[in-house]
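Novice: 3D, please:
(one chain, ligands or ions: 1)
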Amino acid sequence: MNFLELVTKRQSVRRYLDKPVEPEKIERCLEAARLAPSACNSQPWKFVVIDDEELKNKVASATYSNLVSINRFSTEAPVLVLIISQRPKPFARFASRVKNRQLKLSIPHSLNICNWRV
Ligand SMILES: Cc1cc2nc3c(=O)[nH]c(=O)nc-3n(C[C@H](O)[C@H](O)[C@H](O)COP(=O)(O)O)c2cc1C
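Specialist: Alright, predicted model coming up:
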C-alpha cells in the first residue's frame, strides 16, 4: 500500500476486539508517533501506555461525561495511550515568538495582495 492509499483508506476505529494488544504493535505505534515533527525538534510530549484495567477505566471515564458522551467507546479499548503535552523548551518558545512576530508582519502584506479578510 502506498502513502496515498494509506491516507485514503485509514479511518478512526471505535470498536475493539476483546483481546489484549501485542506489545510489538503498541511499540510500532509509539515509534510512529515519536517520529512526528515538532518545533525545533523539541518533542514536547510523553506517551504513557495504560493497560492496567483499573487505571484504564479511570482514565477512560475522564474522557466523557453524561453531558458529552461521545468518547464513551474509550472504556471498551483494550489499551489506552495517554499523551502528555510538555511545556516547550526555552529555545522552542523563543523561536515560536519570533515566528509569530514574523507572521503578524507578513499578514498585512498578504491581505493587500489576496484581499483576504481576517
Ligand atoms: C483534533 C481531533 C480531535 C478529535 N476528537 C475526537 C473525539 O473526541 N472523539 C472521537 O470519537 N473522535 C475524535 N476525532 C476523530 C474525528 O471525529 C474523525 O477523524 C473524523 O470524524 C473523520 O473520521 P475518520 O477519522 O474515520 O476519517 C478527533 C479528530 C481530531 C483531528
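
Novice: anything in stretch 76-83 near the ligand?
Specialist: No: between stretch 76-83 and the ligand, judged by Cβ under 6 Å from any ligand atom, nothing touches; the nearest distance is 11.3 Å. (C-beta placed from N, C-alpha, C; glycine too.)

Novice: Buried residues, that stretch. List them.
Specialist: Neighbour counts using 16 or more other Cβ atoms under 10 Å place 77, 79-80 of stretch 76-83 among the buried residues.

Novice: Closest to Y16 out of these?
Specialist: Distances from the buried residues of stretch 76-83 to Y16 were compared by Cβ to Cβ; the smallest belongs to A77, at 5.4 Å.

Novice: Tell me who's in contact with Y16.
Specialist: For Y16, the contact set (Cβ atoms under 8 Å, 6 or more residues apart in numbering) comprises 76-78.

Novice: give me the element it is part of.
Specialist: Counting by DSSP states H and E, there is no helix or strand that carries Y16.

Novice: which phi and psi does it have?
Specialist: Taking degrees, to the nearest 10, you get phi -130, psi 150 for the backbone angles of Y16.

Novice: Could you tell me the model confidence score at it?
Specialist: The per-residue pLDDT reported for Y16 equals 95.

Novice: Then W116?
Specialist: As summarised for this prediction, W116 has a pLDDT of 49.

Novice: what's the answer for K46, then?
Specialist: On pLDDT, K46 comes in at 95.

Novice: do the same with the one 3 residues further on
Specialist: In the prediction, the pLDDT value recorded for V49 is 97.
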